[in-house]
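Chemist: Got a predicted structure here, sequence first:
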Amino acid sequence: MISNQILQNTIEGLKSISRIDFCVLDVEGKLLASTLEETSNYESAVTAFVASPAESQVLQGCQFFKIFDEQQMEYVLLASGETEDVYMIGKLAAFQIQNLLVAYKERFDKDNFIKNLLLDNLLLVDIYNRAKKLHIDTEVRRVIFIIETIHEKDNAALDNVRTLLGNKTKDFVTAVDEKNIIVVKEVSEKDTYKELEKVSKDMYDILRNATEEQLHIAYGTIVGDIKEVSKSYKEAKLALDVGKIFFNEKNIIAYSTLGIGRLIYQLPIPLCKMFIKEIFEGKSPDEFDEETLTTINKFFENSLNVSETSRQLYIHRNTLVYRLDKLQKSTGLDLRVFEDAITFKIALMVVKYMKYMESLEY
């Protein structure tokens with residue numbers, strides 16, 4: 001349960017304090033961590049020690065100690081030396097590793113609970129019972145952040161995120177698949193979505209500088225009860241998917257900012273095709289030339305303002321009017337009329353959604 005690197009760091013820290021060398025082995029005598037320059041073959045000695053009823057013993061010039069996880073023996077600790085001082089320091093070291101086992105087991109239990117909570121795998125009564133047993137508050141405000149990485153992650157990546165986020169005991173970092181890291185973050189009563197946006201940007205900057213790989217961060221809405229955490233997770237997951245289609249230029253996307261894209265994402269493809277066919281008579285609104293598409297997008301960016309659009313495109317106002325008239329003749333939609341503009345905007349988004357879904361099939 002504890003990684004060999006954690007064991008190595010622990011005994012190196014103990015050695016720096018006590019100036020005594022340590023060695024951690026499994027119950028079969030396999031070396032897991034050591035501060036000894038030369039490691040002797042302790043396999044037979046460990047096997048004999050494990051089989052004996054003694055909890056500590058002096059063998060081959062070392063103090064041997066058994067370390068248990070509840071009733072199951074997990075490790076054998078060796079402290080180099082046979083004196084009383086070595087025995088006392090060795091007992092302290094064994095106690096420290098024993099406590100590490102307990103702490104990591106508790107974190108593992110909490111991690112399992114959070115995973116099942118996110119995936120809606122728990123009954124309502126089990127949520128509150130297990131939360132109470134694990135000392136997790138049930139009535140605090142929380143929000144889910146999903147950090148998507150390009151490359152598959154490992155346990156080290158999760159530990160990095162925990163460290164970068166400050167290892168706050170009330171926040172949880174876990175994963176339910178290969179590329180997404182999930183942060184269950186507790187927020188205060190005064191925190192608003194403006195603060196969440198700032199948290200996301202800080203998180204993105206820290207992780208981007210640390211990993212130097214492309215990241216996307218999405219987050220759901222704030223929930224006030226532990227049973228609603230899965231709701232915020234589903235929202236964050238939806239925001240991540242919808243963001244790739246309609247906001248692919250953004251690295252951070254909030255569920256609350258998805259707008260009409262959230263509705264389009266939930267439409268069945270046959271209905272989308274029917275809509276495009278009825279509005280444009282079989283044509284696709286994204287088949288216009290680059291100049292026309294640039295004009296349309298800039299017109300929407302400027303809230304259908306003809307003067308501002310022509311200024312930003314560096315063209316005469318009459319040239320823009322001519323382009324809009326030409327578009328009206330080919331589509332039957334006048335973008336200067338709000339309802340027609342809305343129809344056209346939705347059509348562009350629908351086509352974008354359809355193309356994205358088609359790309360997933362290949």
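Modeler: Everything's here; your move.

Chemist: And the contacts of stretch 247-258?
Modeler: 193, 196-197, 200-201, 204, 215-221, 235-236, 238-240, 242-243, 246, 261-262 (CB atoms under 8 Å, 6 or more residues apart in numbering). Where you see a C-beta, it was placed from the backbone N, CA and C, and this is true even at glycine.

Chemist: just the buried members of the residues you listed?
Modeler: 196, 200, 204, 215-221, 235-236, 238-240, 242-243, 246, 261-262 (16 or more other CB atoms under 10 Å).

Chemist: now, which of these lie within strands?
Modeler: When DSSP state E is applied, those are split such that Leu215, His216, Ile217, Ala218, Tyr219 fall in strands.

Chemist: nearest to Asn297, of these?
Modeler: His216 (22.8 Å; CB to CB).

Chemist: show me the contacts for the closest one.
Modeler: Here His216 is in contact with Ile147, Glu148, Leu240, Gly243, Lys244, Asn251, Ile252, Ile253 (CB under 8 Å, 6+ apart).

Chemist: Quick check: the farthest pair among the residues you listed?
Modeler: Top of the distance list for these (CB to CB): Ile147 and Lys244, 14.5 Å.

Chemist: Compare those two (neighbour count), which wins?
Modeler: Shown here are Ile147 and Lys244; by other CB atoms under 10 Å, Ile147 has more neighbours (26 against 15).

Chemist: Next up, phi/psi of that one, please.
Modeler: phi -110, psi 110 (degrees, to the nearest 10).

Chemist: what mean pLDDT does the longest helix along the chain have?
Modeler: Assignment by DSSP state H gives helix 84-118 as the longest helix of the chain. The pLDDT scores in helix 84-118 average 88.

Chemist: Mind listing what's buried along that helix?
Modeler: Neighbour-count burial for helix 84-118 [16+ other CB under 10 Å]: 86-87, 89-91, 93-94, 97-98, 100-101, 110, 113-114, 116-118.

Chemist: if we can go back for a sec, might you specify the subset of the buried ones among the contacts of stretch 247-258 located within helices?
Modeler: Per DSSP H, the subset of those in helices is 196, 200, 204, 235-236, 238-240, 242-243, 246, 261-262.

Chemist: farthest pair in those?
Modeler: Tyr204 and Arg262 (21.9 Å).

Chemist: Ser40 reaches Leu59, doesn't it?
Modeler: No: contact status for Ser40 versus Leu59: not in contact, 10.7 Å apart, counting by CB atoms under 8 Å.

Chemist: Looking at those two, which is more packed in?
Modeler: Leu59 (16 against 12).

Chemist: List phi and psi for the more buried one.
Modeler: On the backbone of Leu59 - angles per degrees, to the nearest 10 - the values are phi -140, psi 140.

Chemist: Look up the closest residue to it, ignoring the ones flanking it.
Modeler: Here the nearest residue to Leu59 in space, its sequence neighbours aside, is Ala45; by CB to CB, 6 or more residues apart in numbering that works out to 4.7 Å.

Chemist: Against Ile144, how distant is Ile206?
Modeler: 18 Å (CB to CB, to the nearest Å).

Chemist: Check Leu324 too.
Modeler: 43 Å.

Chemist: Which residue ranges of the stretch 251-362 of the chain form strands?
Modeler: 252-254 (DSSP state E, counting those that start in this stretch).

Chemist: Same question for the stretch 51-200 of the chain.
Modeler: Under DSSP E, counting those that start in this stretch, the stretch 51-200 of the chain gives strands at 56-59, 62-69, 72-80, 142-149, 172-174, 180-186.

Chemist: Throw the ones you listed into TSV and include mean pLDDT and distance to Glu106, thanks.
Modeler: Output for the strands of the stretch 51-200 of the chain, formatted as TSV (pLDDT from 0 to 100; distance: least, CB to CB, whole Å):
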stretch	mean pLDDT	distance to Glu106
strand 56-59	90	26
strand 62-69	91	12
strand 72-80	91	15
strand 142-149	92	20
strand 172-174	89	12
strand 180-186	92	16
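
Chemist: who's in contact with the lowest-mean-pLDDT helix or strand in the chain?
Modeler: Least confident helix or strand of the chain, by mean pLDDT, DSSP states H and E, is helix 155-164 with a mean of 69. Helix 155-164 has contacts (CB under 8 Å, 6+ apart) with 3, 147, 149, 173-175, 181, 183, 203, 206-207, 210-211.

Chemist: which of these lies closest to Glu290?
Modeler: Thr149 (33.6 Å).

Chemist: hey, what's that closest one bridged with?
Modeler: With DSSP bridges as the criterion, Thr149 is bridged to Leu215.

Chemist: and the gap between it and Ala210?
Modeler: Taken as CB to CB, the span from Thr149 to Ala210 is 11 Å.

Chemist: With Arg19 instead?
Modeler: In terms of CB to CB, Arg19 sits 34 Å off from Ala210.

Chemist: out of the two, which sits in the busier spot?
Modeler: Applying other CB under 10 Å to Arg19 and Ala210 shows that Ala210 carries more neighbours, namely 13 against 8.
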